[in-house]
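J.: 3D, please:
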Amino acid sequence: MLKKIFFSLLFFSSLQLSAQVLSLREQARVVDELMGDRLNNLLPSLMEKNKVDMWVLISREYNEDPVLKTMLPAEWLFARRRTILVFYNNPAKKQLEKLAIARYNVGEHIKAAWDMKQFPDQWEALIDLIRSRNPQQIAVNMSKNYGHADGLDHTEYTEFMEKLPAAFKSKVVSAETLAVNWLETRTEREMQIYPQLVAMTHKIIEVGFSEKIITPGITTTDDLVWWFRQKIRDLGLETWFHTSVAIQRSDSMSFEHLRSFSNRPKDEVIIPGDLLHVDIGITYLRLNTDCQQHAYILKPGETGLPPALQQAFEKANRLQDILTSNFVKGRTGNQILSASLAQAKSEGIKASIYTHPLGFHGHAAGPTIGMWDQQGGVPGSGDFPLNYNTAYSIELNAATFIPEWKKEIRIMLEEDGYYDATGFRYIGGRQKAVYLVNRPKG
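T.: Okay, the predicted model is just below:
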């Protein structure tokens, strides 16, 4: 009964947490404005850069191509029946046509181009449009390296190729790089908004990692996980993965990566001397955050973080600096990983780096900079080059032996950052001090 009462209090405490979350109507307005900006100002330059004059995206309702889904208006939660989008970059007119072989306009910016009286068959309408534009290339979303860019399913591909005249079949190419560039590139307007998302994520962590929510000896890790999930929902936000809370403490348990994220025990009671770790991310206005931070539960008589833990945390901050200093346009994710690990080793840091792009997806398209189980490089996505105007989740850990605990621990950090021609910056700052819980009053 005591735990049940306490658990109820957990959900309804921290009423002081505030966030300027727009109403659904206002969110839809902003999403549509952001999409209009991307379609009208970003897409033409990306198609020119990739030398693609026609991009065809084909999806059916409830089985949406991940790229096409980012192009739907806010009022469309899914594609409708079969939705076909065609983008044609007219070299003569230097104009991008945005057309839909669909029964109606797809939002304000993609116009319906299907005369159902002339072409009762949707495929015939598409073929007529292709014939009339006579493109040099027909790029479709097929990709070995990115699920995000592999959205053309087997059935739609087969039907499309059966209908396509022989003269055009050799023009069909993969749109992989174009699709990844579309997904990874952040616009100026999006980067005006992104700091708000990160600030909200940080604030949620700050409140969750406080005496308002945590009572040592009573609160469990699962209590805290569900407090985070409920708080995110109560604020009108969404999360793109299930929050995790893990404990490292002075016991005989060695660090094991999977245990921290998927195999950890549930309902561990949080006690003084625990080092807590949270992994949390929100979704808002079709953009995502991804953060990992730490808190320490003070023991009676302690007023600050033990020196050994402080040194371990500073080492992880240094690893962040090493990694981001190796962000150079044109370098691949694998090159950045290799250079960063080598530099960390030369400085005596036992490092593991598993950084990923961030944006429309949490684990987004772009250069993968290591995976926790692939520290020698990641084939495919790790070979993709770093581009300007892209966002990343700087995810890594540094191992340190703690003499008092007689074992090695990992400080696992993850903060969201942005890279452009001026260099790398954290979108909303980063954790430089461990949260302290159970602080003496007065």
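
J.: only C-alpha atoms for contact and neighbour calcs from this point on.
T.: Fine.

J.: and the helices in this protein?
T.: Remark: helices assigned in the chain by DSSP state H are 2-12, 24-37, 43-49, 66-71, 122-133, 154-163, 166-169, 176-184, 188-208, 221-234, 257-261, 307-325, 333-346.

J.: which of those sits most buried?
T.: Highest mean neighbour count among these (mean count of other CA atoms under 10 Å): helix 176-184, with a mean of 22.

J.: keeping just the C-alphas, turn that one into PDB.
T.: Extracted as PDB, the C-alpha positions of helix 176-184 are listed here (Å, rounded to 0.1, in the frame of the first residue of the first chain):
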ATOM      1  CA  GLU A 176      20.000   6.700 -51.500                       C
ATOM      2  CA  THR A 177      22.200   9.800 -51.200                       C
ATOM      3  CA  LEU A 178      19.500  12.200 -52.100                       C
ATOM      4  CA  ALA A 179      17.100  10.600 -49.600                       C
ATOM      5  CA  VAL A 180      19.800  10.700 -46.900                       C
ATOM      6  CA  ASN A 181      20.600  14.300 -47.600                       C
ATOM      7  CA  TRP A 182      16.900  15.200 -47.400                       C
ATOM      8  CA  LEU A 183      16.600  13.500 -44.000                       C
ATOM      9  CA  GLU A 184      19.900  14.700 -42.500                       C
END
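
J.: so what secondary structure elements neighbour it?
T.: helix 43-49 (3 or more CA pairs under 8 Å, 6 or more residues apart in numbering; DSSP states H and E).

J.: follow-up on the earlier one: so for Gly147, which of the helices of the chain sits nearest?
T.: Minimum separation from Gly147 across the helices of the chain (CA to CA) falls at helix 66-71, 8.2 Å.

J.: averaged pLDDT, that closest one. What do you get?
T.: Regarding helix 66-71, the rounded mean pLDDT is 95.

J.: which neighbouring elements make contact with that helix?
T.: For helix 66-71, the packing partners by 3+ CA pairs under 8 Å, 6+ apart are strand 54-60.

J.: the strand it packs on - contacts with which helices or strands?
T.: So strand 54-60, by 3+ CA pairs under 8 Å, 6+ apart, packs with helix 66-71, strand 82-90, strand 138-140.

J.: so which of these is nearest Leu197?
T.: That would be helix 66-71 among these, by CA to CA, at 18.3 Å.

J.: rank the helices of the chain by pLDDT, which is bottom?
T.: helix 2-12 (a mean of 41).

J.: which non-adjacent residue is nearest the residue nearest the centre of the chain?
T.: Centroid-nearest residue in the chain, with CA atoms, centre = their mean: Gly362, separated by 2.0 Å. Distance criterion CA to CA, 6 or more residues apart in numbering; nearest residue to Gly362, sequence neighbours excluded, is Asn288 at 5.6 Å.

J.: tell me how far the one you found lies from Leu358.
T.: Asn288 sits 7 Å away from Leu358, taking CA to CA, to the nearest Å as the criterion.

J.: ok, those two, which is more surrounded?
T.: A direct count of neighbours by other CA atoms under 10 Å for Asn288 and Leu358 places Leu358 higher, at 27 against 24.

J.: dig out what the more buried one forms beta bridges with.
T.: Note on Leu358: beta-bridge partners by DSSP bridges are Ala391.

J.: quick one, grab the pLDDT at it.
T.: pLDDT for Leu358: 98.

J.: does it touch Ala391 like I think?
T.: Yes: applying CA atoms under 8 Å as the test, Leu358 and Ala391 come out as touching, 5.3 Å apart.

J.: which residues are in contact with each of the two?
T.: Glu184, Asp416 (CA atoms under 8 Å, 6 or more residues apart in numbering).

J.: surely the residue nearest to the centre of the chain meets Arg286?
T.: No: the criterion here is CA under 8 Å, and Gly362 misses it with Arg286 at 10.3 Å.

J.: so how many other residues sit close to the nearest residue to Val172 once chain neighbours are set aside?
T.: Leaving out its chain neighbours, the residue that sits closest to Val172 by CA to CA, 6+ apart is Ile138, at 4.7 Å. As a burial measure, Ile138 scores 23 neighbours (other CA under 10 Å).

J.: Ile138 against Ser170, yeah?
T.: No: counting by CA under 8 Å, Ile138 does not reach Ser170; the two are 9.0 Å apart.

J.: related to what we said a few turns ago, could you report the distance from the residue nearest to Gly362 to Glu415?
T.: 12 Å.

J.: can you check Gly147 too?
T.: From Gly147 to Glu415 the distance is 24 Å (CA to CA).

J.: how about Arg25?
T.: Separation of Arg25 from Glu415 (CA to CA): 30 Å.

J.: swap in Tyr157?
T.: Separation of Tyr157 from Glu415 (CA to CA): 39 Å.

J.: Ala339 now?
T.: The spacing between Ala339 and Glu415, counted by CA to CA, is 20 Å.

J.: Asn105 too?
T.: Asn105 is 39 Å from Glu415, by CA to CA.

J.: okay, and the beta partners of the residue nearest to Leu275 when sequence neighbours are not counted?
T.: Excluding the flanking residues, the one nearest Leu275 by CA to CA, 6+ apart is Tyr296, at 4.6 Å. With beta bridges defined as DSSP bridges, Tyr296 has these partners: Leu275, Leu436.

J.: give me the neighbour count for Tyr296.
T.: Around Tyr296 sit 26 other residues, with neighbours defined as other CA under 10 Å.

J.: check contacts around it.
T.: Applying CA under 8 Å, 6+ apart, the residues near Tyr296 are Gly273, Asp274, Leu275, Leu276, Leu305, Val434, Tyr435, Leu436, Val437.

J.: which of those residues has the most neighbours?
T.: Leu275 (24 neighbours).

J.: how is this structure carved up into domains?
T.: According to automatic domain parsing, the chain is divided into the following domains: 2-21+186-437, 53-174.

J.: reformat these as CSV; add distance to Asp37.
T.: As requested, the domains of the chain are arranged in CSV below (distance: least, CA to CA, whole Å):
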stretch, distance to Asp37
domain 2-21+186-437, 8
domain 53-174, 10
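
J.: for those domains, which one sits closest to Leu39?
T.: Using CA to CA, these put domain 53-174 closest to Leu39, at 7.6 Å.

J.: how long is that closest one end to end?
T.: This stretch, domain 53-174, spans 13 Å end to end (CA to CA).
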